[in-house]
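Colleague: Predicted model and sequence below, questions to follow.
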Amino acid sequence: MPLLILDRDGVINQDSDDYIRCLDDWQPIPGSIEAIASFCQAGYTVAVATNQSGLSRGYFTLDDLEAIHDRLRELVAEQGGDIAGIFYCPHLPGEGCNCRKPATGLLQAIELELGHPLTGSYFIGDSLKDLQAARAMHCKPVLVLTGKGEKTRNQLQQPDVALDTPETVPIYPDLACAAQALLDA
């Protein structure tokens, strides 16, 4: 079974510069839940890798985070899919942990816990950090233009960004379009 890794904020749900602090703030991007289910139905094992420094900042509690993740799992299950694992980094950017993307600790945890080698797996994200983490673990990075995606596409155009060239990173308007293209390939 192939493995698919997804970022959360900006890929699955709407992102916010003020953080997604509670279940009421969490709003799925149209088509994203169905896209996850379609990957599952096509035989993919789906995992989520997300930076959640709002936890360390005190913006939300672990119970709030778990309520969001429970709702995500519930919605995906209603569409006939399953999320094999949701892996998050609670640390602040300056803490120097090995799990905050673009570091690869979350991806290593996914590989270990799910027993799937990541090499060649798709990693769909909206930020440069997502794409960098994907490359570092030999995944196939895919960019969606929701969330921070437009900004990231512009960053890929910069000559100082060490992530190959924009042509080597497939870009789609959103997760639903990415699912349709990747599953039809």
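Modeller: Structure's in. What do you need?

Colleague: shouldn't residue 72 be in contact with residue 9?
Modeller: No - counting by CB atoms under 8 Å, residue 72 stays clear of residue 9, with 11.3 Å between them. C-beta here means a position set from N, CA and C on the backbone, and glycine is covered the same way.

Colleague: Counting neighbours, what do you get for the closest residue to residue 152 other than its chain neighbours?
Modeller: Nearest residue to residue 152 in three dimensions, chain neighbours excluded: residue 128, at 5.1 Å (CB to CB, 6 or more residues apart in numbering). Neighbour count for residue 128, taken as other CB atoms under 10 Å: 21.

Colleague: what's residue 128 sitting at in phi/psi?
Modeller: Backbone geometry at residue 128, expressed as degrees, to the nearest 10, gives phi -60, psi -40.

Colleague: now the one 10 residues further on
Modeller: Main-chain dihedrals, residue 138, degrees, to the nearest 10: phi 60, psi 30.

Colleague: do you know how far it is from residue 119?
Modeller: Here residue 138 is placed at a distance of 4 Å from residue 119 (CB to CB, to the nearest Å).

Colleague: Show me where this structure has its strands.
Modeller: 3-6, 45-51, 83-89, 122-125, 140-144, 171-172 (DSSP state E).

Colleague: Just name the shakiest helix or strand of this structure by mean pLDDT.
Modeller: One helix or strand of the chain scores below all others by mean pLDDT, DSSP states H and E: helix 149-156, with a mean of 92.

Colleague: helices and strands around that one, which ones?
Modeller: With contacts defined as 3 or more CB pairs under 8 Å, 6 or more residues apart in numbering; DSSP states H and E, the packing partners of helix 149-156 are helix 128-136, strand 140-144.

Colleague: May I have it exported as CSV, CA atoms only?
Modeller: Extracted C-alpha coordinates of helix 149-156, given in CSV (Å, rounded to 0.1, in the frame of the first residue of the first chain):
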residue,chain,number,x,y,z
GLY,A,149,0.7,27.9,-1.4
GLU,A,150,0.8,31.1,-3.6
LYS,A,151,3.6,32.6,-1.4
THR,A,152,5.5,29.3,-1.7
ARG,A,153,5.1,29.2,-5.4
ASN,A,154,6.7,32.6,-5.5
GLN,A,155,9.5,31.4,-3.3
LEU,A,156,10.2,28.6,-5.7
